[in-house]
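Colleague: Build me a model:
(2 chains)
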Amino acid sequence: MKKFNKALSAVVASAMVLSMAACGGNAADSNSQAASSAAGSNTEQSGTGAAFVIGGIGPLTGGAAIYGTAAMNGAQIAVDEINAAGGINGAQIKFLKEDDQHDPEKSINAYNSLKDQGMQILMGTVTSTPCVAVADKTAADGMFELTPSASSTDVIVNDNVFQVCFTDPNQGAKSAEYISDKKLATKIGIIYDSSDVYSSGIKDTFVKMAPEKGLEIVAEEAFTADSKTDFSTQLQKCQSAGAELVFMPFYYTEASIVLTQANGMGYAPIFFGVDGMDGILGAENFDTKLAEGLYMLTPFAADATDEATVKFVDAYQKSYGETPIQFAADAYDAIYIIKAAIEQANVTPDQSVKEIGDALKSTITTIKYDGITGSNMTWDASGEVSKAPMAIIIKDGAYASVE
Amino acid sequence: MNFLIYLINGIGLGSVYAIIALGYTMVYGIAKMLNFAHGDVIMIGCYTVFLTMTRYGMDPYISVALSVVVCTLLGIMIEKIAYKPLRRATSLAVLITAIGVSYFLQNAALLLFGANTKSFSNVVNVPGITLADGALKISGTTIVTVAVCIVIMLVLTWFIKNTKAGQAMLAVSEDKDAAQLMGVNVNGTISLTFAIGSGLAAIAGVLFCSAYPTLTPYTGSMPGIKAFTAAVFGGIGSIPGAFIGGILLGIIEILGRAYISSQLSDAIVFAVLIVVLLVKPTGILGKKIHEKV
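Modeller: Model (predicted):
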């Protein structure tokens, strides 16, 4: 055992030395790059040597990794396309990404690390809770921040933060509106995650909007992060109350259990989800028959046939071997929105973080952007986006547009 | 009628807790340590079944058997690498190590299998029972889980009472040093305990994922903690206690959710736990453990 311990400590020690060496290497690299870009901007104003440094933060590992990974992949595609086409006003984009594991503290560490590497604009963070923490940091630094998918209203309290996705209240209200307009049902059961700000935020506005739209809520059942394996009770109560439609404002991981258990008990209402439901068909080995007829309100459908979506989906499939989810599309749009704002504001990479931030936050309210997650996207000073929502339905085991 | 449905759902959930709790209680009873990595061994067992069945198209029974082998080996390995060097350390150090192993397994699974949710196909191929003109359904999974749980409980009790290895386990649990002086191979016995506990984890995992079919690297952590609660509830160290604790926990959780509040179901479970521990500090069947003096 002594010998084993010694061997182990030798391995650990050498690993530490190696990783330190690697860190050193990185630091030297980024220093020299910063130096060279500074030198470049001194000699030629908007020459090829200068690059906009855009940082991306999101969960690349951990339970929410599917969202962060998709967002970073989507952003990378946009960056590669822009760089291949000659960059923004002639300046290339340097895209750096860091993992935050959907944890506020790690997210701030990631932010600081990116700032050390010369980040000028933040595309992130991907999830709401860390984003609230980081938004205070960017406000203090005056950095322009555009989050692809953090949908809580707490994210945009500062004037430098803007969203590509809908806010939570917006999703709840739009869902109620959609269900009532399309006359899908009048008796609604709701199952929601009371331990999650995203889920309960959407539920609250849905419940507020429902009476106005002639919807009757017959059951309102909660679950929490600690008890999200068994939904038989919640479903039973919805069934007993005669709910024709079950509204599920939460993520697909839980939704796939709900669908399996509803099927097991022979309960078949209309199931209606919001953007967190996106990805359910991507769950490996998931029996897609269970999700047949599932509605979800989401701004992006991978099967849409417009040119921009087809081009993005093709590029994504070629690079990552899977169909992109909404988070990837949000981040792809986010990079192009940043490009549009930079071009409009006419900022250059050699300006300071704060100069760029001030210019962009006033410019973004003046632009109108057509992307793959919505056309005619506009922003007001609050940071909230305005665009039309769209519903998709699962038909024959694939996402399909309802219209 | 609704009450009966809830009760049956409660037993279904409880039987899953019970089967996980058996592993906890056994390792605690004999090695006197809380193996917090137990839930994550369950997760590894699930991934083994998932991969062998869906990627390599193996027969469900063979893949379950393979998963038991993988988990048993994993259990022995964890014990050898992480816990054995700490045999003489304080129980707190071992506890922290167990939490470390738990995180290690979660992150290793994340690296190996990715964060994407996998959907588990039900391995249990037994038809359910329908009573009262279709109003009452008991799923095949619930029946099999309860049955397997009872069988495991009986076999374990018999094993500990009637075999030499079982007697050695009892001796080690009472006094490690004295057992060693009497010629019991303490390290071997503890390894065997881990092997059996982890083998059980594989079976628990298969049944758990058959009932609640999503699989992520974090699948094992929450049921692991609930099952630990069940083990304490029933009297940790007691094998029948784990069964009773698990079933009761499931029933209380479901009935609490149905009749009191769906938000407070966990709070209700733990409130009941506190009351039970106030009245009987060793849990429901806790008396059977002989504490060292």
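
Colleague: Quick one: mean pLDDT for the one helix or strand residue A:319 maps to?
Modeller: Assessed by DSSP states H and E, residue A:319 sits inside helix A:307-320. Across helix A:307-320, pLDDT averages out at 92.

Colleague: Next, the angle from the next helix or strand after it to helix A:307-320.
Modeller: As assigned by DSSP H and E, the chain's next helix or strand after helix A:307-320 is helix A:326-345. Here the directions of helix A:326-345 and helix A:307-320 differ by 120 degrees (axes from the mean of the first three to the mean of the last three CA atoms, to 10 degrees).

Colleague: Mind exporting the C-alpha coordinates of helix A:326-345 to PDB?
Modeller: What follows is helix A:326-345, C-alpha atoms only, in PDB (Å, rounded to 0.1, in the frame of the first residue of the first chain):
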ATOM      1  CA  GLN A 326     -33.300  26.100 -29.900                       C
ATOM      2  CA  PHE A 327     -30.300  27.100 -27.700                       C
ATOM      3  CA  ALA A 328     -27.900  26.600 -30.600                       C
ATOM      4  CA  ALA A 329     -30.100  28.800 -32.800                       C
ATOM      5  CA  ASP A 330     -30.400  31.500 -30.100                       C
ATOM      6  CA  ALA A 331     -26.600  31.700 -29.800                       C
ATOM      7  CA  TYR A 332     -26.100  31.700 -33.600                       C
ATOM      8  CA  ASP A 333     -28.500  34.700 -33.800                       C
ATOM      9  CA  ALA A 334     -26.800  36.300 -30.800                       C
ATOM     10  CA  ILE A 335     -23.400  36.500 -32.600                       C
ATOM     11  CA  TYR A 336     -25.100  37.900 -35.800                       C
ATOM     12  CA  ILE A 337     -27.000  40.500 -33.600                       C
ATOM     13  CA  ILE A 338     -23.700  41.500 -32.100                       C
ATOM     14  CA  LYS A 339     -22.200  41.900 -35.600                       C
ATOM     15  CA  ALA A 340     -25.200  44.000 -36.700                       C
ATOM     16  CA  ALA A 341     -24.900  46.200 -33.700                       C
ATOM     17  CA  ILE A 342     -21.200  46.700 -34.100                       C
ATOM     18  CA  GLU A 343     -21.600  47.600 -37.800                       C
ATOM     19  CA  GLN A 344     -24.300  50.100 -36.900                       C
ATOM     20  CA  ALA A 345     -22.400  51.600 -34.100                       C
END
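
Colleague: Please list the residues of the stretch 51-200 of chain B that sit near chain A.
Modeller: B:54, B:84-85, B:107, B:110, B:114-121, B:137, B:139 (CB under 8 Å from any CB of the partner chain). Placement of C-beta: from N, CA and C, glycine included.

Colleague: Buried ones from those residues, can you make that a ChimeraX selection?
Modeller: The ChimeraX selection below is limited to those of these classed as buried (16 or more other CB atoms under 10 Å in any protein chain shown):
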select /B:54,110,114,115,116,117,118,119,120,137,139
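
Colleague: Pull the most distant pair out of the residues of the stretch 51-200 of chain B next to chain A.
Modeller: Across these, no pair lies farther apart than B:85 and B:137, at 50.5 Å, counting by CB to CB.

Colleague: what residue ranges in the chain score low on pLDDT?
Modeller: You didn't pick a chain, so chain A it is. A:1-49, A:403 (pLDDT under 70).

Colleague: Sorry, I should have been clearer: chain B.
Modeller: Using pLDDT under 70, chain B drops low at B:132-134, B:287-293.

Colleague: where exactly do the strands run in it?
Modeller: B:118-119, B:129-131, B:136-138, B:214-215 (DSSP state E).

Colleague: quick one: contacts for the closest residue to residue B:251 other than its chain neighbours?
Modeller: Distances taken as CB to CB, 6 or more residues apart in numbering or on different chains place residue B:10 nearest to residue B:251, at 3.6 Å, with adjacent residues excluded. Each residue near residue B:10 by CB atoms under 8 Å, 6 or more residues apart in numbering or on different chains is listed here: B:250, B:251, B:252, B:253, B:254, B:255.

Colleague: Nearest to residue A:263 among those residues?
Modeller: Using CB to CB, these come closest to residue A:263 at residue B:254, 19.1 Å.

Colleague: Look up how far residue B:223 lies from the closest residue to the closest one other than its chain neighbours.
Modeller: If the residues on either side of it in the chain are set aside, residue B:254 comes closest to residue B:10, at 3.7 Å by CB to CB, 6+ apart. Note on residue B:10: its distance to residue B:223, by CB to CB, to the nearest Å, is 15 Å.
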